[in-house]
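Peer 1: Here is a sequence together with a model predicted from it:
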Amino acid sequence: MATNKDYLNFILEQLSGLNDITYRAMMGEYIIYFQGKIVGGIYDNRFLIKPTKSAKALMPNAPLELPYEGAKEMLLVENVNSKDFLIKLFNVMYSELPSPKKKKK
C-alpha cells in the first residue's frame, strides 16, 4: 500500500516551521530530508524516523516499525498533530544524523 499524497502534504505542512525540509518519492513512499540529511520517511501513511538517541528520549514509548520488508526498524511518530513537537524533534535529532554521502562523478 503506497502513501497517499494528502498525508505527505499534511506532514509537510506540520514541518513548515523548519527551514530546508525536502522530500523524494521512492516507489510510492517518501523520504524526508532536513537540511540535506535523511530524517525518516512516510511509509504506508505512517511517519517513521531514524531511531536516534534524542528521538528515543523524546518518544520513549514510540514503537519500532519496519518501513518495508528487509529495512531497519524506525520509530513511529504518533504525535504528528503537534507542529511544536515535530520541530523540536527534528532540531534535537539533526546533530545525530549522518551527513549525506558524496556522489561519485
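Peer 2: Done, it's in. Residues are numbered from 1 along each chain as shown.
Peer 1: which residues of this structure fall in helices?
Peer 2: For the chain, applying DSSP state H gives helices covering 5-14, 53-58, 83-93.
Peer 1: what comes into contact with the longest one?
Peer 2: This points to helix 83-93. Here helix 83-93 makes contact (CB atoms under 8 Å, 6 or more residues apart in numbering) with 14-18, 34, 39, 49-50, 52, 54-55, 57-59, 77, 79-80. The C-beta positions use only the backbone N, C-alpha and C, and glycine is treated the same way.
Peer 1: what's the answer for stretch 97-105, then?
Peer 2: F34, G36, K37, I38, V39, K50, T52.
Peer 1: Excluding covalently adjacent residues, which one is nearest to the first one?
Peer 2: Spatial nearest neighbour of F34, excluding adjacent residues (CB to CB, 6 or more residues apart in numbering): F90 at 5.2 Å.
Peer 1: Next one: the one you found from M27, what distance?
Peer 2: 24 Å (CB to CB, to the nearest Å).
Peer 1: The two: which is more packed in?
Peer 2: Comparing F90 with M27 by other CB atoms under 10 Å, the one with more neighbours is F90, at 23 against 8.
Peer 1: ok, so what distance separates the more buried one from G70?
Peer 2: Counting by CB to CB, the gap from F90 to G70 is 26 Å.
Peer 1: cool, K50 as well?
Peer 2: From K50 to G70 the distance is 17 Å (CB to CB).
Peer 1: All good on my end, thank you.
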